[in-house]
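Enquirer: Need a 3D model of the following:
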Amino acid sequence: MIFEIAKREMEVARASRHRRLFVLVGTDDKRLAEAAAEVLRGYEAAGGGGEGLYVFQPEFSDANKRMNYFRDAVAGSALEVDFRPYKDTPRILGTTYDFAVLDLVNDLKPNDVGRLGGVVRGGGVYIFLVPPLDAWRRYVTKFQSTLLVPQFTPSDIRHRLKERFWRSLYSHRGVVIYDVNRGVLLKSSGVEEVQPHEPKKPEPPEKAVLPLKIYRLAATQDQVEVLKLFENFYQKPRRKQALVVIADRGRGKSAALGLGLAGIGHKLRKAKSRVQIVVTAMEYGNLETLLEFAIKGLEALGYKPGAEREGGEVRAVKASGIFIDVVTPYMLLKRENADVVAVDEAAAVPLPVLYGVHRRFDRLVFATTIHGYEGAGRGFSIRFLKYLRESKDTDVYLYEMEEPIRYGKGDPVEQWLFDAFLLNAEPAKVEPADLEHVKRQEVAYLGEEDILRDEDTLRQFFGIYVQAHYRNEPDDLGMLLDAPHHTARALALPSGKIAVSAELASEGALDDLSIDQALRGLKLPGNIIPDRFLKYWRLPEFAKLKGWRIVRIATHPELQDMGLGSVMLKKIEEEARQQGMDWVGVGFGVYDKLLRFWVRNGYVPIHLSPERNPSSGEYSVLLVKPLNEKAEAYVKYANVEFRRRLIHSLMGPYGDLLPTEVHLLLEDWGWEVDAAPSLSKNQLDRLVAYAYGPMTFENVTDAMYMLAAQYFYSPKTRRPSLPDVAARVLISKVLQAKPWKEAAEAAGVRRGDLMLLLREVVKVLLFYYYGGEFEVPLFVVGTVRGRD
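Expert: Numbers count the residues shown, from 1 in each chain. Now for the predicted structure:
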């Protein structure tokens, strides 16, 4: 029976270059495997063939049995099958197969399904092996086991992801569900007639700057249009040129970028002896397709490109004067020169880094996925385009690619995948009436049940994350739905539209065994803030307190900077107090604007990672807001120790922090660090000679350091009031010991002004702390020009 169903379904699917998804349900391993082989026979009978994929979890004995049954069942077939464990899915992403069998009995990991949901080409078939839902609910999958934290047991795991998965399969066209135990068709695809697929040959421009050989490699007209935009890079730009390419997954975006870089590199090479191209992404793996097509393009133009690899990944491509370097986004900010810079999956790159790249280079390509496994929504292009267009020195070109490469337009399997894992989630459209409610802060605080009650609300909730520059993965949805320690909260407008989304994680309330293990250096999963209090500040009693860590919080892109984020925090804190929580905390990559928001809302820094994240290029910071006196005592101790450590580490691991970031991290909370270091008589004499006389800064660096430390050690009530620019000068030149030029740039002043301002700051500090020991004139700083 399943053979005939598969044959009929695949004949219709192949005519439209669409794919089909067969869901085989059962508890008998042999029947599941043999039914999968029958589906493939029907696929072959409909004209299908080629190479396919079988993915499973080899650590489970029943998964190995099903794999062996399937291997035996397809023996003798003309089909080739690549058997792979799920841990290989990151490497499979970007490859193409004719069919794929996914054994989901032991595991339903959203990232795996999301990655594999795009690897089958049009006219191909997916086969899922799953147990009945009632049986599936009775055990914990491998993905669910990773969600457990010390405070919870397997019985606390929720099974909402499996339920959502089932509902999505039954509600979408293109999905066939078959019960192998009973031999019963539970659901047909719902697709009877389709428009036959009529391939359109791409048409290159009649007059082209890029070589026609490059255009002939384009698979769609969308790729041709992107290549045409690269032609704007040929003339030496009088203004910055920025190309922004957005597309759903599977539209050939990265391939078009690679071909475009090869073509423009070739044209620029005719005018100069060396062409330097730099490409970057948050993960090197994201650049694989781009580099593959850059090499293809260069080969088509007659070059013999050589690829330098490291750990199996391309790090550079060289071809007779054309050099393509692969770097991390943070490394890119240290590059001096590049003819063309391309940032792929740019939405995953922190905005400050993107702004820095834009300031530094003249020919720029920013590309990102809107919907799909790496999707970031349209919010990235909206926000970043706004920034680019407000830059008066930049010409901006935007192109959205729509035509799929691997399969026909309107493919039902893609639509199912996007909907099931919210890969195409978007926030609601804001109307003028909504803005009036926001101005009056007329919002409702929603709990998790309200958010999950209907699909539209959940999509809005998740869509705000997609738009808000978070790097979203399907696993994030799985964690929110199933992790026992995660919960959701939102602010809704009177219209029902979600304005702010927040995800919270319960941490703390740990038992003595978990605390002892953490103190001995063992990992404490799911308890990031208690873990740092234990390992860095050696405060075991804090780990017995309970709190909420705000995992993610984001405001609707059209409602930002209107105070809603602060309103949400107050609501969360009020609920936390009502539930007997001791603290609320947060962690994120250090960025001065974001840090300022949290500090102004009363969140106290207690930890900074000792090194930058190798991917994001950011330091990670943790902040905590105590909700009672007991928690405040521990937070005070941690903050005092944190500030002491930071002050004395600015010449070392934190020498590259921005002075604005350091200033915020050293925010005074009314807690004195400890007895401030006092100057010796000689140090005092030398500082007076520096402030009023001929002595140079280099002769008083020891005393200057102690004086600056004294200022930042002191609470606001026991130190002079300095303008922000003066504090930045103390940080960049004295505490971070930067050279004069770098210190001035970091502080936002001219080098000459820095020298003058530093002497005036010393006069103020000497007068305040040591004024009784000598006479010092009053401080005047009005003539100094800062670049605030």
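
Enquirer: same question for stretch 724-739, mean pLDDT?
Expert: On average, the pLDDT along stretch 724-739 is 96.

Enquirer: Oh, that last question was meant for stretch 49-68, not what I typed.
Expert: 96.

Enquirer: gap between that stretch and the chain center?
Expert: Centroid separation for stretch 49-68 versus its chain: 31 Å, with CA atoms, centre = their mean, to the nearest Å.

Enquirer: And that stretch, end to end?
Expert: One end of stretch 49-68 to the other measures 21 Å (CA to CA, to the nearest Å).

Enquirer: what's it in contact with?
Expert: With CB atoms under 8 Å, 6 or more residues apart in numbering as the test, stretch 49-68 has contacts from 29-30, 32-33, 40, 70, 78-86, 88-89, 92, 97-103, 105-107, 112, 116, 119, 124, 129, 142. Any C-beta I mention is one placed from the backbone N, CA and C, and that applies to glycine too.

Enquirer: For the strand or helix carrying residue 414, C-alpha coordinates in CSV please.
Expert: Using DSSP states H and E, residue 414 maps to helix 412-420. Extracted C-alpha coordinates of helix 412-420, given in CSV (Å, rounded to 0.1, in the frame of the first residue of the first chain):
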residue,chain,number,x,y,z
PRO,A,412,5.4,22.4,0.8
VAL,A,413,8.2,20.8,2.9
GLU,A,414,9.9,24.1,3.2
GLN,A,415,6.7,25.7,4.4
TRP,A,416,6.2,23.0,6.9
LEU,A,417,9.7,23.4,8.2
PHE,A,418,9.4,27.1,8.5
ASP,A,419,6.1,26.9,10.4
ALA,A,420,7.0,24.0,12.7
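
Enquirer: just to revisit the earlier point, in helices, which of the contacts of stretch 49-68 fall?
Expert: 29-30, 32-33, 40, 70, 89, 92, 112, 116, 142 (DSSP state H).

Enquirer: which ones are touching the nearest residue to residue 364 once chain neighbours are set aside?
Expert: Setting aside the residues directly before and after it, residue 364 is nearest to residue 242 in space (CB to CB, 6 or more residues apart in numbering), at 4.6 Å. Counting by CB under 8 Å, 6+ apart, residue 242 touches 358, 364-366, 388, 394-397.

Enquirer: swap the cut-off to 6 Å and go again
Expert: When contacts are counted by CB atoms under 6 Å, 6 or more residues apart in numbering, residue 242 touches 364, 388, 394, 396.

Enquirer: where does residue 605 fall, phi/psi-wise?
Expert: Main-chain dihedrals, residue 605, degrees, to the nearest 10: phi -60, psi 130.

Enquirer: Wait, it touches residue 665, no?
Expert: Yes. Counting by CB atoms under 6 Å, residue 605 does reach residue 665; the two are 5.1 Å apart.

Enquirer: Helix or strand with the lowest mean pLDDT in this structure?
Expert: When each helix and strand of the chain is scored by mean pLDDT, DSSP states H and E, helix 379-390 comes last, with a mean of 74.

Enquirer: same for the helix or strand just after that one, what does it pack against?
Expert: Downstream of helix 379-390, the first helix or strand assigned by DSSP H and E is strand 394-401. If contacts are counted by 3 or more CB pairs under 6 Å, 6 or more residues apart in numbering; DSSP states H and E, strand 394-401 sits against helix 221-230, strand 240-247, helix 379-390.

Enquirer: and the ones you listed, which is most packed in?
Expert: strand 240-247 (a mean of 23; mean count of other CB atoms under 10 Å).

Enquirer: what are the pairing partners of that one, and which direction each?
Expert: strand 363-369 (parallel), strand 394-401 (parallel) (DSSP bridges).

Enquirer: can you map out the strands along the stretch 351-500 of the chain?
Expert: Secondary structure of the stretch 351-500 of the chain (DSSP state E, counting those that start in this stretch): strands at 363-369, 394-401, 444-446, 486-492, 498-508.

Enquirer: how deep is residue 484 tucked in, by neighbour count?
Expert: 19 (other CB atoms under 10 Å).

Enquirer: Tell me the confidence at it?
Expert: At residue 484, pLDDT is 97.

Enquirer: Make 58 the first number, not 1, from now on.
Expert: Fine by me, first position is 58 from now on; the one you just mentioned is residue 541.

Enquirer: Against residue 562, how distant is it?
Expert: 10 Å (CB to CB, to the nearest Å).

Enquirer: got it, and residue 611?
Expert: Applying CB to CB to residue 611 and residue 562 gives a distance of 16 Å.

Enquirer: Of all the contacts of residue 299, the one with the weakest confidence?
Expert: Within the set of those, pLDDT is lowest for residue 445 (88).

Enquirer: And the helix or strand harbouring residue 743, what does it pack against?
Expert: Using DSSP H and E, residue 743 sits within helix 738-749. For helix 738-749, the packing partners by 3+ CB pairs under 6 Å, 6+ apart come out as helix 758-770, helix 808-827.

Enquirer: what helix or strand does residue 184 sit in?
Expert: strand 177-187.

Enquirer: after that strand comes which helix or strand?
Expert: helix 190-193.

Enquirer: what sits up against that following helix?
Expert: 219, 223.

Enquirer: State the number of residues packed around the closest residue to residue 403 other than its chain neighbours.
Expert: Among residues not flanking residue 403 along the chain, residue 423 sits closest, at 4.3 Å (CB to CB, 6+ apart). When neighbours are counted by other CB under 10 Å, residue 423 registers 27.

Enquirer: again, but for residue 730
Expert: 20.

Enquirer: got a list of what residue 209 touches?
Expert: Residue 209 sits in contact with residue 541, where contact means CB under 6 Å, 6+ apart.
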